[in-house]
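**Student:** structure here, sequence nowhere to be found:
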């Protein structure tokens, strides 16, 4: 066996091994299991389901990576990306300037905002200004909590809860007067478990966009964005959206 041929064979094997490593790469993805209908646990199967779960499955398939799905409290997601213990997160994460300084974001994939939820017998809270001096539930680490503390002069009654189920329970048990949180999650609760017991009031506050968050410097940003663009173009996004939210609004 010639030395030249041996070097060629060795190089070829090295390239094959490297390619195998890339194709076998499995990324760690995190989500918050309490943000319905974006992500929630299917009791029957033990699997995570929801709008976000279908979106990330399509993105991963088209971007070319496999993944392990992990669940954690929302307020732990950004720190986990910072430390590199996870690679990607999808959990209705609002793109903000502060977050963009410490993690990478995909292009927006969902337009949202913040909404008020009160009990059906409450006719005193009709808009945001009516929250002054009231007891309000929100979620730890969320933009809704930041909005409340930043825009209410009397915000001593603002209580952060670890999960959305906790703050809704607090509202139903009259521990708080209102809940202020992401509009799609509030609306979903109002028409499911809270039907006939709670109602949404007021306008949509602070228009927001959700993005897929990646650890800073991630090599997957371009691939994720390309996959998101593709599922919009071929109608897959529309199909997934209408499964969970009904008719897709016309683009503005």
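**Tutor:** Yep, it's here. On a predicted model such as this, the values are computed, not experimentally measured, just so you know.

**Student:** in contact with residue 220, which residues?
**Tutor:** 27, 63, 65, 87-88, 214 (Cβ atoms under 8 Å, 6 or more residues apart in numbering). No exception for glycine: its C-beta is placed from N, CA and C like everyone else's.

**Student:** now do residue 236
**Tutor:** 58, 230 are the contacts of residue 236 under Cβ under 8 Å, 6+ apart.

**Student:** element containing residue 188?
**Tutor:** Secondary structure assigned from DSSP states H and E places residue 188 in helix 183-190.

**Student:** now do residue 120 against residue 35, distance only.
**Tutor:** Note on residue 120: its distance to residue 35, by Cβ to Cβ, to the nearest Å, is 24 Å.

**Student:** count residues in the vicinity of residue 180, would you?
**Tutor:** 27 (other Cβ atoms under 10 Å).

**Student:** for residue 138, which non-adjacent residue is spatially closest?
**Tutor:** Spatial nearest neighbour of residue 138, chain neighbours left out: residue 145 (4.3 Å); criterion: Cβ to Cβ, 6 or more residues apart in numbering.

**Student:** any idea how far the one you found is from residue 136?
**Tutor:** 9 Å.

**Student:** between these two, which has more neighbouring residues?
**Tutor:** Legend: neighbour count by other Cβ under 10 Å for residue 145 and residue 136, higher for residue 136 (27 against 22).

**Student:** thinking that one is in contact with residue 180, fair?
**Tutor:** Yes - if you go by Cβ atoms under 8 Å, residue 136 and residue 180 touch, sitting 5.6 Å apart.

**Student:** quick check: neighbours shared by these two?
**Tutor:** With Cβ under 8 Å, 6+ apart, residue 136 and residue 180 have common neighbours residue 148.

**Student:** which strands or helices does the helix holding residue 188 pack on?
**Tutor:** Applying 3 or more Cβ pairs under 8 Å, 6 or more residues apart in numbering; DSSP states H and E, we find helix 183-190 packed against strand 110-119, helix 164-172, strand 198-210.

**Student:** that one vs strand 110-119, what angle?
**Tutor:** Angle between the axes of helix 183-190 and strand 110-119 is 40 degrees (criterion: axes from the mean of the first three to the mean of the last three Cα atoms, to 10 degrees).

**Student:** pull out the buried positions in helix 183-190.
**Tutor:** 183-190 (16 or more other Cβ atoms under 10 Å).

**Student:** what residues are up against residue 136?
**Tutor:** 148, 157-159, 176-180.

**Student:** hang on, the earlier thing: and the residue nearest to residue 138, what are its phi and psi?
**Tutor:** With angles defined as degrees, to the nearest 10, residue 145 sits at phi -60, psi -40.

**Student:** quick check: it touching residue 160?
**Tutor:** Yes - judged on Cβ under 8 Å, residue 145 makes contact with residue 160 at a distance of 5.3 Å.

**Student:** intersection of neighbour lists for those two?
**Tutor:** 138-139.

**Student:** before we move on, the earlier item: ok, so of the contacts of residue 220, who is nearest residue 194?
**Tutor:** Checking the contacts of residue 220 against residue 194 with Cβ to Cβ, the nearest one is residue 88 at 31.4 Å.

**Student:** list phi and psi for that closest one.
**Tutor:** According to degrees, to the nearest 10, residue 88 has phi -140, psi 150.

**Student:** if we can go back for a sec, export the contacts of residue 136 to TSV and tack on pLDDT?
**Tutor:** Listed next are these as TSV, based on pLDDT from 0 to 100:
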residue	pLDDT
148	96
157	94
158	97
159	96
176	98
177	98
178	98
179	98
180	97
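
**Student:** now, those residues that are in strands?
**Tutor:** 158-159, 178-180 (DSSP state E).

**Student:** highest neighbour count among those residues?
**Tutor:** The most crowded member of the ones in strands among the contacts of residue 136, judged by other Cβ under 10 Å, is residue 179 (29 neighbours).
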